[in-house]
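coords below, sequence missing:
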Ligand code: LLP
């Protein structure tokens, strides 16, 4: 827990608001964010890197709500996007296209056109085929596309295999050994302008050493390119800094920044970073209500109204999210499997949690601000949750709960 999510007597608070009151008012499931926690995380980043020219590009995929993008835009952030849809969100939220980097292995021609028309800062190119397409698309628009290659440094991020992206066998980036030849090729293409280099080795990293190993390999390439007369304006070292969900001890933002800045010592290129989780993860919770308690022979189940469609991380990665009551009860705890209503055995939110519960109680799934709402789905025709932003004692509904009619509004019944 943090200074932003804390108990006052028996009640779990976000900033100055009791979460139980929010749950009563807006219903559950609902995502609730602390504006102060979001702001604080961003400002810690800005402070940690202030010694050199830098741009913090928030990874939109981690939480793309317009209010969150708008908050970061107002604080000066740029954005790391991976689709045309995310670009539209950034623009709708008042973000500056000139601070957008576009990552992703499968950019379509249409997405390239959209990003070129908007005037983004840089395309992080992930293959030779993409390079050629981008050159064609830019040519057809009479534009020059700013590019960097996302280089795969073949470094083990030591994180969950599904969120590790920097190893040789990964689909991401261009192979380290091919990078030089690709830069030479890009330098000859008329509708491209080389501006930088990029790498991102994975997510939820809890040590600095893989970041440094990757940075060092990238910097070697920067030097080789310089010898060939290819001078870069920026070095993008991706995102990936982990947070504490349970008992992890990731480096602090300041420690991480210090390590990166150390590796970059003496260089003048602008530094770009693409943090997602570390800016939003611990700033949000998912509120849910206990529908039923179902005692069993071997296990007791707490069946709650949030499910894998609302928070997919436990089902997908066996990820741990702490589960806290919104009002603590003075009664003995017992061990519960906390599960949702979705018809899948994989639909669990927490295994073997010690909780003192009664039917109707509210719970919070902690640290759900990153990759929670953004990975939610409508599986089982479940409308997606409401999202609420708290700022001190101010409460704002920043996304309405979906209605079932919206879910099939685009469908046709031909029979
Ligand atoms: N840049 C690129 C190119 C990325 O692919 C990602 C995340 C980031 C930046 C931001 O990484 P972060 O700072 O958030 O670690 N759904 C998974 C995480 C997937 C991460 C995908 N890429 C999860 O729930 O843990």
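Nice, I can see it. Quick caveat, the model's predicted, so the values are computed rather than measured. Numbers count the residues shown, from 1 in each chain.

shaky segments in the stretch 51-200 of the chain?
Counting by pLDDT under 70, the stretch 51-200 of the chain has low-confidence residues at 163, 166.

next one: the stretch 301-415 of the chain
Judged by pLDDT under 70, the stretch 301-415 of the chain has no weakly predicted residues.

for it, what spans make up the strands?
Listed from the start of the chain, the stretch 301-415 of the chain has strands (DSSP state E, counting those that start in this stretch) covering 323-325, 334-339, 348-355, 362-365, 386-391, 394-399.

Assign residue 262 to one of the three secondary structure states.
Remark: residue 262 carries the secondary structure label helix [criterion: DSSP: H, G, I helix; E, B strand; the rest coil].

Check which element follows the longest helix belonging to the chain along the chain.
For the chain, the helix reaching the highest residue count under DSSP state H is reported as helix 209-227. Next along the chain after helix 209-227, taking DSSP states H and E as the criterion, comes strand 234-236.

So what are the sheet partners of that next one and their directions?
Partner strands for strand 234-236, per DSSP bridges, with pairing direction: strand 192-198 (parallel), strand 270-273 (parallel).

residues from this structure in reach of the ligand?
Along the chain, the residues adjacent to the ligand under the rule CB under 6 Å from any ligand atom are 59, 62, 80, 103, 163, 200, 203-204, 238-241, 274-278, 313, 370-371, 375. To be clear about C-beta, it is placed using only N, CA and C from the backbone, and glycine gets the same treatment.

Tell me the buried residues within those.
The neighbour-count test (16 or more other CB atoms under 10 Å) marks 59, 62, 80, 103, 163, 200, 203-204, 238-241, 274-278, 313, 370-371, 375 as buried among these.

Helices - which of those residues land there?
Checked against DSSP H, those include these in helices: 277, 278, 313.

between those residues, which is nearest the ligand?
Within those, distances to the ligand taken as CB to the nearest ligand atom reach their minimum at residue 277, with 3.6 Å.

nearest spatial neighbour of the closest one, skipping sequence neighbours?
residue 370 (4.0 Å; CB to CB, 6 or more residues apart in numbering).

that older thread, what's the most buried one of the strands of the stretch 301-415 of the chain?
Across the strands of the stretch 301-415 of the chain, averaging neighbours per residue (mean count of other CB atoms under 10 Å) puts strand 362-365 on top, at a mean of 26.

chain center to that strand: distance?
Strand 362-365 has its C-alpha centroid displaced from the chain centroid by 22 Å (CA atoms, centre = their mean, to the nearest Å).

Ok, stretch 143-160 next?
17 Å.

Likewise for stretch 101-115?
Centroid separation between stretch 101-115 and its chain, computed with CA atoms, centre = their mean, is 19 Å.

Now do the end-to-end distance for that stretch.
Start-to-end span of stretch 101-115 (CA to CA, to the nearest Å) is 9 Å.
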